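Participant: Sequence and predicted model, in that order:
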Amino acid sequence: MLDFIQMVVSGIAVGSSYALMGLAMVIIYKTSEVLNFAQGEMALISTFFTYLLLETHGVPFYLAFPGTLAFAAFLGAFLEFAVLRRAKEPTVLGMIIITLGLEMILMGLVSWKFGADPKTLPFPISAYSSVRIGNVFVSSLEVLTLVVALTVMIILFLFLRFSKLGVAMKATQQNNTVARLMGIRTKRILMFTWAISSVVGCLAGLLIAPTIMQPYMMWDPMLKGFASAVMGGMTSLPGAVFGAYILGIVENLFGGYVSIEFKSVVAFVIIVLVLCVKPSGLFARHYVKKV
Amino acid sequence: MDMKRHYYEDVQLFSSSVVVFWFALLILFLALFPFLFKNYYVYLANFMAINVIVAVGLNLLVGYTGQVSLGHAGFFAIGAYGTITLMSQLQLPFLLALPAAALVAALFGFLLGLPALRLEGPYLAIATLGFGLTITKVIGRIELFGGRQGLHAPELVIGPWHLNTDRDFYYLAVTLTVLLTLAARNLIKTKVGRAFIAIRDADIAAESMGVHLTYYKTLAFAVSAFYTGLAGGLFAFVLRFIEPEVFTLMMSIMFLAMVVVGGLGSLFGSIVGACLLSWLDLQLRNILDIPYLGDWLDTLSKTWFSITGVSNIQFIVFGLIMILIMLFEPLGLFGFWIRTKKYWKTWPF
């Protein structure tokens, strides 16, 4: 029983980082219907930017951290402005190809600069000290991840619900043309969307970096985040979070009881099974195309 | 410019005798190729031929039927492992093992096509992507397939011939490539191909016109998987040693990139795209040996980047090509060719 609780708790902790990546992808998909495969690598480049600030330039952490977030926001906005906005008559597949291309460029840049060998990020909270709650051990980094994920979710919810910009984002998503007629600069809104999404992804990257830091580190969280977003329906923020926690927990339980070898692929099997039953995910209304 | 006068012209394999002439010339060139070029280029040609088969197969699915797939490395792996296992365990001859393995891949394609019936866009992308990742993981676990250590390809014998060198293998690969490409062209020109295109353009309209969606969508997946499996079987003999780490997600992305760079919905484009990207892939692996550019990149890496990561420039190049093609010529190299042709047709005016 104790094993079970321990596994569920670490599942929740892993799920939190998936949730952040999933949220980042959903924010972009919701507003612009672009499937952003570059999400992981945008976070990667921001994380390595922190590494550069901390390690090479000796910037103190309390300055490097906001610096990174600003960099991430700038990067997201820049990519939208320079690449995505330039696409002519975009199709779903075309957008997938563009973001895959971005992903390859960003990853190429990072591994060109830093090589493939693992680095250690001087992070103030260690991944190896742990907190004991009852009889269950949780590492302090996992606690931090959980807290950050929950905070981001609440902030995003409040932002989309009550701020002017958030409402404008919603309007852009629902009907681009009408939103423009109402005086919303939809292109600028998209740029903000990318900036916000990039910041959320960057947080996930920073929280993953203390345990593993090398150019391939964001592949797995990005795909799992994507999987959980799809499971939640790709357009629903709470759905993505819920999907992420389900995946994190199931993955850990599967690793504990059935086979540790297949732990990393069980998420995709679940996804295919869920999609067979509910083709638009668990939380989205099934979209029926009109002819 | 291409006026059709008879219904038959719509379905015939070669649209005019000029095309037949150029095709014959191409076949002649391909037949003489190993005598004209060095060994390295023959190896490159084998590599290209295999990628052309995959690109043509994937284009049938992505370009003609409109279903995105990020999991073709999975079918590729099934073909490669299937061929080698059938040959070494069941002692089947190569010419039997290759299609058998490709049929197994086609079966998996059919199975993947079933959930794909209800999915589109991101949902289909994640389902196929998950399939590709799962297949390689499962194969890497099974002892029969050599587990993590991988498998060595047995000697390739067809009838009285022992195909030991790249030159011998060249004729096998290129013959299959030409035949499969012609078969694909034939498929597109018939009822099946028209059904595929109808599904891509408007699936509900196609269904109401009497196109059986379940049948044709799964068929598209199966045919595409068959092509990819066959190419995988050939690939096993080019590498001569396969392990699960070869068939990564990056490989699926490269296949998709070949199709898109060449041009969706165009076999000619797929061939050109596959050739271009496989050439770049082999060429960029030792990027520092390229004259002039190599030296410049060397100093650039030493000042700003690191010399250990210099091979990663190939990802940057591929990414740039994908993005630039999508931004400036969404129809790919085929679109570029069409535009050039149109421009020169009426040139001085």
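Facilitator: Right, received. Where do you want to start? Nothing here was measured: the structure is a model prediction, and the numbers come from that model.

Participant: quick one: buried residues of stretch B:289-308?
Facilitator: Neighbour-count burial for stretch B:289-308 flags B:Leu297, B:Ser301, B:Phe305 (criterion: 16 or more other C-beta atoms under 10 Å in any protein chain shown). Backbone N, C-alpha and C define where each C-beta goes, glycine included.

Participant: residue contacts, B:Asp201?
Facilitator: Counting by C-beta atoms under 8 Å, 6 or more residues apart in numbering or on different chains, B:Asp201 touches B:Gly66.

Participant: That one and B:Val211: what is the separation?
Facilitator: Distance of B:Asp201 to B:Val211, computed by C-beta to C-beta, to the nearest Å: 11 Å.

Participant: just to revisit the earlier point, any chance of the buried residues of stretch B:289-308 in CSV, with distance to A:Ala87 and pLDDT too?
Facilitator: Converted to CSV, the buried residues of stretch B:289-308 look like this (distance: C-beta to C-beta, whole Å; pLDDT from 0 to 100):
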residue, distance to A:Ala87, pLDDT
B:Leu297, 29, 78
B:Ser301, 31, 78
B:Phe305, 29, 77
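
Participant: Now flag whichever of these is closest to chain A.
Facilitator: B:Phe305 (4.7 Å; C-beta to the nearest C-beta).

Participant: Can you classify that closest one by secondary structure?
Facilitator: When classified by DSSP: H, G, I helix; E, B strand; the rest coil, B:Phe305 comes out as coil.

Participant: so what's it up against?
Facilitator: Applying C-beta under 8 Å, 6+ apart, the residues near B:Phe305 are A:Trp112, A:Lys113.

Participant: for it, phi and psi?
Facilitator: Main-chain dihedrals, B:Phe305, degrees, to the nearest 10: phi -110, psi -150.

Participant: Which residue is it, in the stretch 51-200 of chain B, that comes closest to chain A?
Facilitator: Counting by C-beta to the nearest C-beta, the stretch 51-200 of chain B gets nearest to chain A through B:Gly130 (2.7 Å).

Participant: Give me the spatial nearest neighbour of that residue, chain neighbours excluded.
Facilitator: Among residues not flanking B:Gly130 along the chain, A:Phe268 sits closest, at 2.7 Å (C-beta to C-beta, 6 or more residues apart in numbering or on different chains).

Participant: in which helix or strand would I find the one you found?
Facilitator: Secondary structure from DSSP states H and E places A:Phe268 in helix A:266-277.

Participant: what does that helix rub up against?
Facilitator: With C-beta under 8 Å, 6+ apart as the test, helix A:266-277 has contacts from A:224, A:227-228, A:230-231, A:246-247, A:250-251, A:254-255, A:281-282, B:115, B:118-119, B:123, B:126-127, B:129-131, B:133-134.

Participant: Next, A:Leu35: secondary structure please.
Facilitator: Secondary structure assignment for A:Leu35 (three-state DSSP): coil.

Participant: Give the burial count for the closest residue to it other than its chain neighbours, as a bare number.
Facilitator: Using C-beta to C-beta, 6+ apart and skipping residues adjacent in sequence, the residue nearest A:Leu35 is B:Pro122, 4.8 Å away. Applying other C-beta atoms under 10 Å in any protein chain shown, we find 22 other residues in the vicinity of B:Pro122.

Participant: you'd agree B:Pro122 is up against A:Tyr29?
Facilitator: Yes - between B:Pro122 and A:Tyr29 there is a contact at 6.9 Å, judged by C-beta atoms under 8 Å.

Participant: which residues are common contacts for these two?
Facilitator: Both B:Pro122 and A:Tyr29 are in contact with A:Leu35, A:Met234, where contact means C-beta under 8 Å, 6+ apart.

Participant: Stretch B:95-102: which residues count as buried?
Facilitator: Residues B:Ala97, B:Leu98, B:Ala100, B:Ala101, B:Ala102 are the ones in stretch B:95-102 that count as buried (16+ other C-beta under 10 Å).

Participant: lowest confidence element among the helices and strands of the chain?
Facilitator: Here I'm looking at chain A. Across the helices and strands of chain A, mean confidence by mean pLDDT, DSSP states H and E is lowest for strand A:130-133: a mean of 76.

Participant: next SSE after it?
Facilitator: Sequence-wise, the next helix or strand downstream of strand A:130-133 (DSSP H and E) is strand A:136-139.

Participant: Against chain B, how distant is A:Pro279?
Facilitator: Going from A:Pro279 to chain B by C-beta to the nearest C-beta, to the nearest Å gives 4 Å.

Participant: For that residue, which non-adjacent residue is spatially closest?
Facilitator: Of all residues not flanking A:Pro279 in the chain, B:Arg118 sits nearest, at 4.0 Å (C-beta to C-beta, 6+ apart).

Participant: Could you report the neighbour count for the one you found?
Facilitator: 16.
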